[in-house]
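[1] Quick one, structure for this:
(one chain, ligands or ions: 1)
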Amino acid sequence: MLDELCDLATRVRLLAKSEPGARALRDLLPTRRAMLYFTQPSTRTFLSFNNACHILGMRTSEIRDPATSSEVKGESFEDSIRTFSSYVDVIVMRTKESGRAAQAARLMNNIPRPVPVINAGSGSDQHPTQALLDIYTLDRSFEGNGSIDGKVIGMMGDLKRGRTVRSLCYLMRNYRGVRLVFIAPEQFAMEADVKAYLDEHQIPYTETTDLAGALPTLDALYVTRMQTEWDTAGESRAVDLSRFSVGERELTRLKRDAIIMHPLPRGPEIDPVVDQDPRAMYWRQERNGMWMRVAVLIKIFAAESRLLEAEPR
Ligand code: NCD
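    Below you'll find the model as predicted:
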């Protein structure tokens with residue numbers, strides 16, 4: 001499935017380069033409508049889903065501020081979701097609370113007109129479509145250098161509260177011989193549930209606070225920001241972020257064909273001078289997000305065969 005999605009994303013990306021290709025894509029799902037329910041701040045995930053829908057000719061409605069929805073009148077979450085489902089063919093949702101997308105999906109399993117639910121970020125728990133675009137970015141980046149199999153992937157920053165790294169860890173069981181290196185301040189180390197999952201699936205990982213020592217061993221460094229919005233008493237401020245940041249000095253220790261990723265938005269953990277380095281992959285990663293979300297929508301609506309017809313022979 002991951003290989004299929006990556007392949008789909010690439011086909012869409014190439015097709016979209018030409019005017020006839022872009023038109024053919026727009027004719028794939030013109031009768032489908034999406035609800036973008038994003039009650040937690042979002043720039044990239046929202047915009048990439050919104051544009052992914054439009055690339056496929058879909059129409060979108062959105063709620064971004066719960067204060068503008070009937071939830072303020074006391075309507076339950078489940079009734080609100082059921083209402084959205086009455087008007088659209090897919091619900092894409094991001095919420096501050098974890099488990100909401102799963103709750104919405106369970107509800108859909110029990111109503112006569114269910115629509116698919118896509119989790120676009122659930123609290124500090126999961127961000128599955130980010131993990132898909134991260135896989136796509138890794139896959140593309142390692143094209144000339146084997147594949148994801150056997151690579152050493154470092155994950156750095158607030159691993160405790162960052163949902164992107166959590167979701168990405170889960171997908172690693174689909175690759176052979178991947179090793180993970182968690183580089184984090186002790187108080188923001190990867191949570192036990194993810195480590196238990198890795199143990200269960202025999203995915204080796206190490207934990208360290210020493211970025212300089214880890215750098216030369218890595219094929220990819222996935223940097224994340226401190227998730228300060230979850231602080232209850234300024235916990236993030238106690239961290240010496242300079243030890244968990246990438247700048248010119250770190251670049252000299254990183255392999256020449258390694259890549260640097262970041263789900264964005266970034267804080268001080270990546271110096272903007274790094275953007276000029278060919279190993280900086282995060283802006284491409286951001287754009288990959290749109291192609292991967294197009295691929296996810298094509299898959300959900302089973303439009304692969306129509307895509308094939310749109311492709312030049
Ligand atoms: C991430 C998120 O919202 O979890 N951003 C994103 O979706 N690209 C990462 C973050 O906010 O740190």
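[2] Excluding covalently adjacent residues, which one is nearest to Gly150?
    Residue nearest to Gly150 in three dimensions, not counting chain neighbours: Gly177, with 4.1 Å by C-beta to C-beta, 6 or more residues apart in numbering. Glycine gets a C-beta too; all of them are placed from N, C-alpha and C.
[3] What count of nearby residues applies to that neighbour?
    If you count neighbours by other C-beta atoms under 10 Å, Gly177 ends up with 11.
[4] Per-residue pLDDT of it, please?
    Reported pLDDT at Gly177 in the predicted model: 97.
[5] Correct me if wrong: it contacts Ser147.
    No: in this structure, Gly177 sits apart from Ser147 without contact. The criterion is C-beta atoms under 8 Å, and the distance is 10.3 Å.
[6] Now the helix or strand where Asn119 lies: average pLDDT?
    Following DSSP states H and E, one finds Asn119 within strand 117-122. On average, the pLDDT along strand 117-122 is 98.
[7] Residues contacting that strand from elsewhere in the structure, which ones?
    The set of residues that contact strand 117-122 without belonging to it, under C-beta atoms under 8 Å, 6 or more residues apart in numbering, is 38, 40, 42, 45-46, 49, 81, 90-95, 97-102, 104-105, 108, 126-130, 163, 296, 300.
[8] Strands - which of the residues you listed land there?
    With DSSP state E as the criterion, strands contain 38, 90-95 from among the contacts of strand 117-122.
[9] and of those residues, the nearest to Pro312?
    Val90 (28.3 Å; C-beta to C-beta).
[10] can you tell me which residues contact the closest one?
    Listed by C-beta under 8 Å, 6+ apart, the contact partners of Val90 are 32-35, 115-118, 297, 300-301.
[11] picking up where we left off before, taking their axis directions, the strand holding Asn119 and strand 90-95 sit at what angle?
    Inter-element angle recorded for strand 117-122 and strand 90-95: 20 degrees (by axes from the mean of the first three to the mean of the last three C-alpha atoms, to 10 degrees).
[12] Show me which positions of strand 117-122 end up buried.
    117-122 (16 or more other C-beta atoms under 10 Å).
[13] Those residues: which two are farthest apart?
    Pairwise distances among these were taken by C-beta to C-beta; the largest, 12.8 Å, belongs to Val117 and Gly121.
[14] Save the buried residues of strand 117-122 as JSON lines, and put in distance to Ala16 too.
    Converted to JSON lines, these look like this (distance: C-beta to C-beta, whole Å):
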{"residue": "Val117", "distance to Ala16": "26"}
{"residue": "Ile118", "distance to Ala16": "21"}
{"residue": "Asn119", "distance to Ala16": "25"}
{"residue": "Ala120", "distance to Ala16": "21"}
{"residue": "Gly121", "distance to Ala16": "25"}
{"residue": "Ser122", "distance to Ala16": "29"}
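[15] what about Glu207, which helix or strand?
    Under DSSP H and E, the secondary-structure element containing Glu207 is strand 205-208.
[16] Give me the contact list for that strand.
    Counting contacts by C-beta under 8 Å, 6+ apart, the residues touching strand 205-208 from outside are 179-184, 189-190, 195, 198, 214.
[17] Strands - which of those land there?
    When the contacts of strand 205-208 are checked against strands (DSSP E), the matches are 179-183.
[18] In CSV, list these along with neighbour count.
    Written out in CSV, the entries for the ones in strands among the contacts of strand 205-208 read as follows (neighbours: other C-beta atoms under 10 Å):
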residue, neighbour count
Arg179, 17
Leu180, 23
Val181, 22
Phe182, 24
Ile183, 25
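[19] Let me have those residues in TSV, extended by distance to Gln276.
    Listed next are these as TSV, based on distance: C-beta to C-beta, whole Å:
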residue	distance to Gln276
Arg179	29
Leu180	28
Val181	25
Phe182	28
Ile183	23
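[20] Among the residues you listed, which pair sits farthest apart?
    For these, and using C-beta to C-beta, no pair is farther apart than Arg179 and Ile183, which are 13.1 Å apart.
[21] Check which residues of stretch 91-109 are buried.
    With burial defined by 16+ other C-beta under 10 Å, the residues of stretch 91-109 counted as buried are 91-95, 100-101, 103-105, 107-108.
[22] residues near Leu56, how many?
    For Leu56, the neighbour count with other C-beta under 10 Å is 23.
[23] Next one: it relative to Ala105, how far apart?
    Shown here: Leu56 relative to Ala105, a distance of 22 Å by C-beta to C-beta, to the nearest Å.
[24] Arg13 too?
    When C-beta to C-beta is applied, the distance between Arg13 and Ala105 equals 28 Å.
[25] How about the stretch 151-300 of the chain: which residue is closest to the ligand?
    Among the residues of the stretch 151-300 of the chain, Pro263 lies closest to the ligand, at 4.0 Å counting by C-beta to the nearest ligand atom.
[26] Tell me, how many residues neighbour the residue nearest to Ser70 when sequence neighbours are not counted?
    Counting by C-beta to C-beta, 6+ apart, Ser80 is the residue found nearest to Ser70 once chain neighbours are left out, at 6.5 Å. Neighbour count for Ser80, taken as other C-beta under 10 Å: 17.
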